[in-house]
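Peer 1: Could you look at this predicted model? Sequence included:
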Amino acid sequence: MTNCIQGFKDYFCRPKNTNVRLKLPFVCFAWQIAMIILFGVFVRYNNESDAHWVQNMAQNNITSAIENDFYYRYPSFQDVHVMIFVGFGFLMTFLKRYSFGGVGFNFLIAAFGIQWALLMQGWFHSLDPSTGKIYIGIENLINADFCVAGCLIAYGAVLGKVSPVQLMVMTLFGVTLYAVEEYIILNLLHAIDAGGSMIIHVFGGYYGLAISWVLYRPNLHQSKHLQGSVYHSDTFAMIGTLFLWMFWPSFNSATTYHGDGQHRAAINTYLCLTSCVLTTVAISSLSQKTGKLDMVHIQNSTLAGGVAMGTAAVFMVSPYGALIVGFCCGILSTMGYLYISPFLEKTLKIHDTCGIHNLHAMPGVIGGIVGAITAATASESVYGMQGLINTFDFTGNFKDRTVFAQGGYQAAGMCVAMVFGIGGGAIVGAILRFPIWGDPADENCNDDDVYWEVPQDEEDQLESVPPILEYCNYMTNKPEDES
Amino acid sequence: MTNCIQGFKDYFCRPKNTNVRLKLPFVCFAWQIAMIILFGVFVRYNNESDAHWVQNMAQNNITSAIENDFYYRYPSFQDVHVMIFVGFGFLMTFLKRYSFGGVGFNFLIAAFGIQWALLMQGWFHSLDPSTGKIYIGIENLINADFCVAGCLIAYGAVLGKVSPVQLMVMTLFGVTLYAVEEYIILNLLHAIDAGGSMIIHVFGGYYGLAISWVLYRPNLHQSKHLQGSVYHSDTFAMIGTLFLWMFWPSFNSATTYHGDGQHRAAINTYLCLTSCVLTTVAISSLSQKTGKLDMVHIQNSTLAGGVAMGTAAVFMVSPYGALIVGFCCGILSTMGYLYISPFLEKTLKIHDTCGIHNLHAMPGVIGGIVGAITAATASESVYGMQGLINTFDFTGNFKDRTVFAQGGYQAAGMCVAMVFGIGGGAIVGAILRFPIWGDPADENCNDDDVYWEVPQDEEDQLESVPPILEYCNYMTNKPEDES
Amino acid sequence: MTNCIQGFKDYFCRPKNTNVRLKLPFVCFAWQIAMIILFGVFVRYNNESDAHWVQNMAQNNITSAIENDFYYRYPSFQDVHVMIFVGFGFLMTFLKRYSFGGVGFNFLIAAFGIQWALLMQGWFHSLDPSTGKIYIGIENLINADFCVAGCLIAYGAVLGKVSPVQLMVMTLFGVTLYAVEEYIILNLLHAIDAGGSMIIHVFGGYYGLAISWVLYRPNLHQSKHLQGSVYHSDTFAMIGTLFLWMFWPSFNSATTYHGDGQHRAAINTYLCLTSCVLTTVAISSLSQKTGKLDMVHIQNSTLAGGVAMGTAAVFMVSPYGALIVGFCCGILSTMGYLYISPFLEKTLKIHDTCGIHNLHAMPGVIGGIVGAITAATASESVYGMQGLINTFDFTGNFKDRTVFAQGGYQAAGMCVAMVFGIGGGAIVGAILRFPIWGDPADENCNDDDVYWEVPQDEEDQLESVPPILEYCNYMTNKPEDES
């Protein structure tokens, strides 16, 4: 009987070599305390969330409380919030034994990231130089969620292969880099990127890929038995997919200008996503000998349209223009899963667990290009004079910029995002290679058992086995006289 | 050992005879390209989503961007969107091995359907004859979601028994028929049907039942082992149920008139649904010898109240009136699952996988009747003069219509919906019988393995068995001298 | 072979001794009919949901339909609705075999409770003495959801140990007690409790704990094998956690005053919850030898910040103040799971299935204290004169109250909530001990099989075993000459 039990032991009691008992609490406590101190020094309510608002309404020509920016943006904010925590979180539950890590670490780093993002973005965008304070309102919360999205995208590339401490470090630097590139792209270049094709997806995508490249594990095949999905983990992942897909119109319209801006951004994104679903299904089916669909494609490539519509969502791309963008993205993203991801892994040694190159980086680049072209070809006849000013924010220092120049700055913005992503990711990856962060061994990758108390399903199965074993035992050993 | 392995083989390697590798991609590509061309020719942004809107505000007596219809309807739109993709999608994951098909094909046909619906409904309702263009805004998106709901309801009747290509065909015709009957009911008969009891649920329900009747499979019992649910698939289905249940007030109020119209529709639906839950539980418990509840009833019949409140949601039915409607629907719908569904299958040869007759068709008819009666008994004392005009839209050609006549037109509307559903479904069902659509064999019904790459859970279980087998093998064959 | 099969039988066919076939339907029907009658007598649409509203707009100085309270509150209402049904419901699916009971009974009692709450709260808050009618609008729906939350919290303490009939009784009395304490706290003491730290969480928490104390089962260990979670049930529970976490800002801001009130309440809650996540993770990791995280903590303690921010959400606590509250709550709540819950069970004989003491009662008390202190230290310089009046509603009889007095009344309010919870719970617990409610035997606790038709997963597994058994059988019994 020994060799049998031994087999079970080998199977169920895999060695673990990671202990984050001191590192993880230290990081969480230290950073949270730092946040409290920095918030104490810098962060205050803005005009519209301060109790003085009612008194100031008359001065600001506001006649009704419904004019508070809260009512323009809160529904979109909540949708974005759902995308960040349920969308990204559940999309990463697809691995058979990494659902806790997928949704749980996503939760942790997003909760930290939005605090740090409020500060970083606040210093760049909402600091009142006269008081030295950052004044926050609902739009800051949305932007913080956006910023964190970049880091969650990057998490997708290294899912299953890093420790929570590494993720916290990755998020700290990711948010910092994001805030800087965002400032350069939005304020210095004055590019438009309402849904963040460039700022969020290109940056986040290449940031994650560069980190994954530096952290490459040649022996990852040792945890190969944990790399796939199971039936129900794929169903869980569809929760993430659908909430991302449904709320992407809110994502791309959440921070666009009031009125027709938000309205048009939602319509464009909605349309772009629908056509993306059809071409994803088509390519997925074509790629299999028997025409079967692959859940990986359905879970991811259907979303590429939302990414690619990010920059141009608020532009007058026309409904059919949005459909064309989605059409191309569905094809390209699914092709990416079929051909580019294997190429990246084999040739460039970049292992991309969730395929963020196909879902975020590549569609983000398309989004940037679409944005540059549509900006450069904008005209007063299509937008109206005031519409052109509203859409491209041709005010202040930028009031004399031509749409053609704007197209150039859009393209420049994309390059900035890419450079920050690749450069930043390479540096942060190098930091993450230090052997102090408690990362898992190759054979422990994709296994929740390393960082989580996992309920003992397997042992349950084991418990249900003994009757059989016992029975076999009994039958084979029964006294001769009984037979 | 051979016969044992053979047993496993027979069990796990069922024959497959469906290949949609060319059909499905062809349909997706061809139809998506057609959509792009038609959108290019016909669809433009409407006044409120066009960049010219700001300039035109003053002319339209709009003083603030918050007056843009976007802010009235977007939160409801997003709730409806969740109902379509997560609600309907997850409600159909209850089968033990058809969760991918349930949520995935729902995703596919909804994404196609809303594009086609924007066009079909646009031609009937939003076409500007002077320019020949369809101008779309947020209300069109909601209506497209509504239209698709009809087809998703129909999918419920044939769940597990059709190919994705058949579903695409079903959706193409379903949306077309829907747009025509909607035009007849809303514009020609000028009936009120804010939440679509008649237009969506009666039509969709009978459309699906008629198709299922034509496609009847006498030997469906061959896949009987796949017809039930498992514990976690039932829990997944509750996600669908709850999102439908919670957001139904948004569904019924999404397109009603601004102000008290939306407000009242939400309240009525909310109340109706609550009482529906209690009577569903009561009948479900009564129907079992030991009083146990049946998940099928909880997942479906609790929603019947939302269906039945669709037409009359905006009427002054009073809070207790809404409760009474829900009370009756919970009873009737659960009874339907217990007695009518088996009757339909045995006697009329209509197999209804999700029980849409009990959840949509029958409660939809009730909704139509309630709508007709409450319309006919409306009075100026209850509604106020302006309220009566707003609620029933007694303007233009219809400004002299009496409420009694309105009741009659409401009833006529329901008949139109039913005729379109049954007639249209019979014809479309006949089309779907052509042996070119790649539908599954009887023994392959309810099995994701036919159209999806399914992760190999079973093989995992198989892999965990060998130690036992090996052990048994070892014990039975061990050399005599060891024992 | 007999003893083997017998083993399976013992394992899978546990005895059942509960039958609610008459009780449950009777309670559902009787109460629902009572609701209909009472609604018929008392409940009407309020001014803003009545069809007369349009006519009265001019009189009420309303210039646009967007001023209808519906548009201020509906998005928040829907978020709260999701928290009640999906949030609380799925949070309770974590037990390996009580997911149906968790989400299903939650659905049932919430659907009943909100009807009863509309009446009870209506009599206290929305009754027009001149007509004797309760006039309801969107704010009443939110308050009904709030009221039900108290009962759902209480359900968490007795999850798995009570029958649905007991839950209905518990909800009936719970809502009644809630409405009374709410009236005392809000109207008589004029305390502020926008997010219900005291009214909802302290009351609900102690109400549930007192009931659980009276219903204590010394032999609960007999169903110990069903007390844990399994991998996928923990993932399901995360759906509940995340929707509660994401939408808590809506919960705490849903009924605060228009404009900056709602805006600030959302920001405070959002911030408080983020810091709560980090300290929860820190303590959870610290508590394990190897630093592994415990899903119970992540699922529950991350939410404690939302509870604690309930009272003070609308106050000017500053962003860093909100972070500090979350910081402390994460620590305290996780500590509660580690040390206080075992203590309560061993020493005080209070078994708390979901740990509501750590998630609701204790953080609620903190919230009450924070509210009292921040109210007592409020100043006109921080709030502005009008802001102070808006925030603390210093109008009518209370227009001369000082903030210091307000702090005292806040503290008094918390005591009232606690007294009502403990006292009410003890009495209701005594009522629930009558042996007429069909509660489960100790060995049947945490088992859906008692009140639900459970699909036969286990038998499926059993069916897959025979080949092995058969094979073993064959090998051991094969004729000598074959070997």
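Peer 2: Happy to help now that I have it. Numbers count the residues shown, from 1 in each chain, chains lettered A, B, ... in the order given.
Peer 1: can you give me the strands for chain A?
Peer 2: Using DSSP state E, the strands of chain A run over A:43-45, A:127-128, A:133-136.
Peer 1: Isn't residue A:268 up against residue A:308?
Peer 2: No: assessed by CB atoms under 8 Å, residue A:268 is found out of contact with residue A:308, at 10.7 Å. In short, each C-beta sits where N, CA and C put it, glycine included.
Peer 1: out of these two, which sits in the busier spot?
Peer 2: More crowded of residue A:268 and residue A:308, by other CB atoms under 10 Å in any protein chain shown: residue A:308, with 35 against 31.
Peer 1: Distance of the more buried one relative to chain B?
Peer 2: According to CB to the nearest CB, to the nearest Å, residue A:308 stands 15 Å off from chain B.
Peer 1: got a pLDDT number for that residue?
Peer 2: You'll see residue A:308 listed with a pLDDT of 97.
Peer 1: Residue A:212 too?
Peer 2: 97.
Peer 1: Next up, the contacts around it.
Peer 2: Neighbouring residues of residue A:212 by CB atoms under 8 Å, 6 or more residues apart in numbering or on different chains: A:157-158, A:161, A:350-353, A:429.
Peer 1: Grab the nearest non-local neighbour of residue A:409.
Peer 2: Distance criterion CB to CB, 6 or more residues apart in numbering or on different chains; nearest residue to residue A:409, sequence neighbours excluded, is residue A:189 at 4.6 Å.
Peer 1: wait, isn't the one you found in contact with residue A:408?
Peer 2: No: contact between residue A:189 and residue A:408 fails when scored by CB under 8 Å: they sit 9.3 Å apart.
Peer 1: Same question for whichever helix in chain A runs longest: list its buried residues.
Peer 2: If you go by DSSP state H, chain A has its longest helix at helix A:403-432. For helix A:403-432, burial by neighbour count (16 or more other CB atoms under 10 Å in any protein chain shown) applies to A:403, A:406-414, A:416-418, A:420-422, A:424-425, A:428-429, A:432.
Peer 1: which bits of the stretch 201-350 of chain A sit near chain C?
Peer 2: With CB under 8 Å from any CB of the partner chain as the criterion, the stretch 201-350 of chain A meets chain C at residues A:232, A:236, A:239.
Peer 1: mind running it again at 10 Å?
Peer 2: Contacts of the stretch 201-350 of chain A with chain C, taken as CB under 10 Å from any CB of the partner chain, map to A:230, A:232-233, A:235-236, A:239.
Peer 1: Which other helices and strands does the longest helix of chain A contact?
Peer 2: Helix A:403-432 is packed against helix A:138-158, helix A:164-182, helix A:203-214, helix A:362-376, helix A:385-392, with contacts defined by 3 or more CB pairs under 10 Å, 6 or more residues apart in numbering or on different chains; DSSP states H and E.
Peer 1: Which of the ones you listed sits closest to residue B:282?
Peer 2: helix A:138-158 (43.6 Å; CB to CB).
Peer 1: Contacts (any at all) between chain B and that closest one?
Peer 2: No: using CB under 10 Å from any CB, we find that helix A:138-158 stays clear of chain B, coming within 14.1 Å at best.
Peer 1: Quick one: distance of that helix to the chain centre.
Peer 2: 6 Å (CA atoms, centre = their mean, to the nearest Å).
Peer 1: and the direction of that helix versus that of helix A:362-376, what angle?
Peer 2: 140 degrees (axes from the mean of the first three to the mean of the last three CA atoms, to 10 degrees).
Peer 1: that older thread, what is the nearest of the contacts of residue A:212 to residue C:72?
Peer 2: Nearest member of the contacts of residue A:212 to residue C:72, counting by CB to CB, is residue A:157, at 42.0 Å.
Peer 1: Name the spans of the stretch 51-200 of chain A whose pLDDT lies under the cut-off.
Peer 2: Counting by pLDDT under 70, the stretch 51-200 of chain A contains no low-confidence segment.
Peer 1: Return the residues of it in contact with chain B.
Peer 2: Contacts of the stretch 51-200 of chain A with chain B, taken as CB under 10 Å from any CB, map to A:62-64, A:66-68, A:71-72, A:74-76, A:78-79, A:82, A:94, A:96.
Peer 1: Setting the sequence-adjacent residues aside, check what's closest to the residue sitting nearest the centre point of chain A.
Peer 2: With distances taken as CA atoms, centre = their mean, residue A:153 lies nearest the centre of chain A, 3.2 Å away. Using CB to CB, 6+ apart and skipping residues adjacent in sequence, the residue nearest residue A:153 is residue A:204, 3.4 Å away.
Peer 1: Was I right to think the one you found contacts residue A:151?
Peer 2: Yes: counting by CB atoms under 10 Å, residue A:204 touches residue A:151, with 6.8 Å between them.
Peer 1: Mutual contacts of these two, please.
Peer 2: A:174, A:177-178 (CB atoms under 10 Å, 6 or more residues apart in numbering or on different chains).
Peer 1: Narrow those residues to those that are buried.
Peer 2: By 16+ other CB under 10 Å, the shared contacts of residue A:204 and residue A:151 give A:174, A:177-178 as buried.
Peer 1: so how many other residues sit close to residue A:225?
Peer 2: Residue A:225: 15 surrounding residues under other CB under 10 Å.
Peer 1: quick one: contacts for the closest residue to residue A:174 other than its chain neighbours?
Peer 2: In space, and not counting its chain neighbours, residue A:174 is closest to residue A:151: 4.0 Å by CB to CB, 6+ apart. Residues near residue A:151 by CB under 10 Å, 6+ apart: A:88, A:106, A:109-110, A:112-113, A:116-117, A:167, A:170-175, A:177-178, A:200, A:203-204, A:207-208.
Peer 1: repeat that with 8 Å
Peer 2: Contacts of residue A:151 by CB under 8 Å, 6+ apart are A:109-110, A:113, A:170-171, A:174-175, A:178, A:204, A:207.
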